[in-house]
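*Asks:* okay, sequence plus prediction incoming.
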Amino acid sequence: MLSPITKKTAILIDGGYYRSRAMTLWGKKSAKDRAEELYRYCMLHIGEPAEPRNLYRIFYYDCPPMSRSLKHPLTGTIVDFSAMPGTKWANDLYRHLSEKDRVALRMGELAESTASYILKDSVLDELLSGSKGISNLVEDDFRVDVKQKGVDMRIGLDVASLANGHHVDQIILIAGDSDFLPVVKMARKEGLEFILDPMKQKPKHTMIEHVDIVECYTDRMYPVSN
């Protein structure tokens, strides 16, 4: 009986999506612990399946935190985002990830020049419904709106390079956005197997329809002991 063929596997991670889901699933952690957790989660994709897999590389996509200052529209306070605790946490996370074996960081950019404060969606709904008045607004009712640039493009370029160069047999995408559908189709046309891990979120039907496998190992990270 022939042994199953080992598949060379690349893991691509939408960093913003992973951090949001990890926070929901496993709570707050230090930057170092979150980096360790992410790496361990990726390795479950290599070691858990019945079919043998060999890690080619882990690609992590994200944007650096905002570093400019903004004036809060309600309080008039100048907020220096470069000094915020979240900025140091994010930079530490990227540093710890970059030190891991076979991890490549693909960093986009923030459109900081157009960043601004806007009302949170829930607060805007309250204002429009009349359940909250303008005079009742507080500082925390606002959030910073800043656009990411280049993250999706970098994912697309890497998928094209992996597929056209036949560097891997399969790609695992840890994400939840149906905007990645074109890269899924491109990879599969080149003969690659495409696996989606939405981390316990229900993916859109269009994604389920076009990927080969949906797999998730969130329950294996911290198994409940009997």
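*Replies:* It's in. Residues are numbered from 1 along each chain as shown.

*Asks:* for the longest strand along the chain, packing partners?
*Replies:* Counting residues, the longest strand in the chain under DSSP state E turns out to be strand 53-62. Judged by 3 or more C-beta pairs under 8 Å, 6 or more residues apart in numbering; DSSP states H and E, strand 53-62 is in contact with strand 7-14, helix 15-26, helix 31-47, strand 103-107, helix 151-164. For every residue, glycine as well, the C-beta is placed using N, CA and C.

*Asks:* burial count for the closest residue to Ser161 other than its chain neighbours?
*Replies:* Counting by C-beta to C-beta, 6 or more residues apart in numbering, His167 is the residue found nearest to Ser161 once chain neighbours are left out, at 7.4 Å. Neighbourhood size, His167 [other C-beta atoms under 10 Å]: 14.

*Asks:* just the one 10 residues further on next, same as before
*Replies:* By the measure other C-beta under 10 Å, the count of residues near Asp177 is 16.

*Asks:* now do the same contact list for Arg53.
*Replies:* Contact analysis of Arg53 by C-beta atoms under 8 Å, 6 or more residues apart in numbering lists 6-9, 45-47, 170.

*Asks:* rerun that using 10 Å as the cut-off
*Replies:* Listed by C-beta atoms under 10 Å, 6 or more residues apart in numbering, the contact partners of Arg53 are 6-9, 11, 45-47, 169-170, 172.

*Asks:* which residues of the chain score low on pLDDT?
*Replies:* For the chain, the stretches with pLDDT under 70 are 1-3, 178, 223-226.

*Asks:* give me that answer again for 90
*Replies:* 1-5, 50, 67, 82, 110-113, 147-153, 176-183, 202-209, 221-226 (pLDDT under 90).

*Asks:* which parts of the longest strand of the chain are buried?
*Replies:* For strand 53-62, the neighbour count (16 or more other C-beta atoms under 10 Å) marks 53, 55-62 as buried.

*Asks:* ok, back up a step: now the helices and strands packed on strand 53-62 as JSON lines including mean neighbour count?
*Replies:* Below are those laid out as JSON lines (neighbours: other C-beta atoms under 10 Å):
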{"stretch": "strand 7-14", "mean neighbour count": "22"}
{"stretch": "helix 15-26", "mean neighbour count": "17"}
{"stretch": "helix 31-47", "mean neighbour count": "17"}
{"stretch": "strand 103-107", "mean neighbour count": "16"}
{"stretch": "helix 151-164", "mean neighbour count": "17"}
